[in-house]
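Asker: Pasting a predicted model and its sequence here:
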Amino acid sequence: MMIKRTLIIVTCLMLLGCTLGLLNFTYDASVLAAEEYYQIRSLHSRDGIGKFYLGREIAKVMGHQEMLWLERPSRRFTEKPDDLITALHLKPTDLVADIGAGTGYLSFPMANLVEQVFAVDVQPEMLGAIDFLAEENQVKNVTTILATETDPKLPINAINLALMVDAYHEFSCPREMMENLVKSLKPDGRVVLVEYRRENPLIPIKALHKMTRRQVEKEMSALGLVPEEIIETLPQQHLMIFQKTNSN
């Protein structure tokens with residue numbers, strides 16, 4: 001009796017398996033996309049948010065309370081912003097986005113060279129400082145944009161160059177943010193990342209606020225952005241220029 005009952009159960013399970021196998025099960029990859037991109041770990045650096053993207057822990061955002069750090073006099077020597085801007089080969093007709101603009105440390109110098117600068121940040125306090133300085137100095141071609149963690153809120157297919165200086169490593173949703181940023185680029189638009197070199201342990205910046213060249217290229221490649229030029233003439237930072245392709 002027991003053997004007969006077992007055979008019946010096995011037969012039913014086999015029939016059920018065959019029935020399920022005939023069904024066309026599918027899943028929506030977009031629903032799983034965010035979970036696939038990131039990992040959340042309880043054990044992580046105190047300088048990070050415990051969220052990992054392509055093997056890299058995302059750093060905590062530097063709050064607006066530290067905005068004076070962005071205007072420190074030593075920055076002209078440690079970062080050489082004039083050399084950085086020269087390397088971008090900006091044109092008078094360019095529309096440029098300064099992502100993570102902070103106090104506009106680079107937005108205002110670029111505004112002297114291009115048609116329009118969009119100063120983008122997720123912190124209203126930073127944008128308030130830019131608006132004040134723009135009015136104080138009668139700068140008419142710097143427009144502030146309050147971004148979200150996933151969207152820079154830029155006009156579609158309009159930007160010639162998007163610049164991120166010591167900002168990208170703090171994006172809490174880098175994949176979504178960059179996907180939306182790419183949409184804002186013109187067909188020949190460029191993405192420029194400037195990050196302190198993590199390869200050099202002697203650079204006095206916290207590890208999570210530095211990036212290796214290999215990691216940057218890995219994350220940009222995931223978006224279909226291809227390297228155009230890698231410049232290593234800045235004192236402590238990588239200057240990496242990527243090109244939008246037809247596949248973007």
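Answerer: On my side now, so go ahead.
Asker: and A119, what are its bridge partners?
Answerer: Partner residues in beta bridges with A119, using DSSP bridges, are D98, T144.
Asker: Run through the residues that contact it.
Answerer: For A119, the contacting residues are D98, A101, G104, S107, L127, I130, V142, T143, T144, I145, by Cβ atoms under 8 Å, 6 or more residues apart in numbering. (Glycine included, C-beta is placed from N, CA and C.)
Asker: Determine which two of those residues are furthest apart.
Answerer: Among the contacts of A119, the pair separated by the greatest distance (Cβ to Cβ) is G104 and I145, at 12.3 Å.
Asker: Pick out whichever of these two has more residues nearby.
Answerer: G104 (27 against 17; other Cβ atoms under 10 Å).
Asker: OK, contacts around the more buried one?
Answerer: Contacts for G104 were tallied using Cβ under 8 Å, 6+ apart; they are D98, A119, A129, I130, L133, A134, V142.
Asker: for the helix or strand containing the fifth one, which positions count as buried?
Answerer: For L133, the host element (DSSP states H and E) is helix 124-136. The neighbour-count check on helix 124-136 (16 or more other Cβ atoms under 10 Å) flags M126, L127, A129, I130, D131, A134 as buried.
Asker: Mind pulling up the pLDDT for the first one?
Answerer: Predicted confidence (pLDDT) at M126: the value is 97.
Asker: if I pick it, what's in contact with it?
Answerer: With contacts defined as Cβ under 8 Å, 6+ apart, M126 is in contact with H64, M67, A101, G102, T103.
Asker: 6 Å instead, please
Answerer: With Cβ atoms under 6 Å, 6 or more residues apart in numbering as the criterion, the residues that contact M126 are H64, G102.
Asker: Just the helices from this protein, written as ranges.
Answerer: Residue ranges of the helices in the chain, as given by DSSP state H, are 2-22, 29-37, 67-70, 75-78, 81-87, 107-111, 124-136, 174-184, 213-221.
Asker: Could I have the CA atoms of the fourth one written out in PDB?
Answerer: Once side chains and other backbone atoms are set aside, the C-alpha atoms of helix 75-78 remain, and they are given as PDB (Å, rounded to 0.1, in the frame of the first residue of the first chain):
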ATOM      1  CA  ARG A  75      43.000  73.600  -4.300                       C
ATOM      2  CA  ARG A  76      44.700  75.700  -7.000                       C
ATOM      3  CA  PHE A  77      47.900  73.800  -6.300                       C
ATOM      4  CA  THR A  78      46.600  70.300  -5.500                       C
END
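Asker: residues in contact with that helix?
Answerer: Where contact means Cβ under 6 Å, 6+ apart, the residues beyond helix 75-78 that reach it are P235, Q236.
Asker: how many neighbours does E179 have?
Answerer: Other residues near E179 number 17, with proximity taken as other Cβ under 10 Å.
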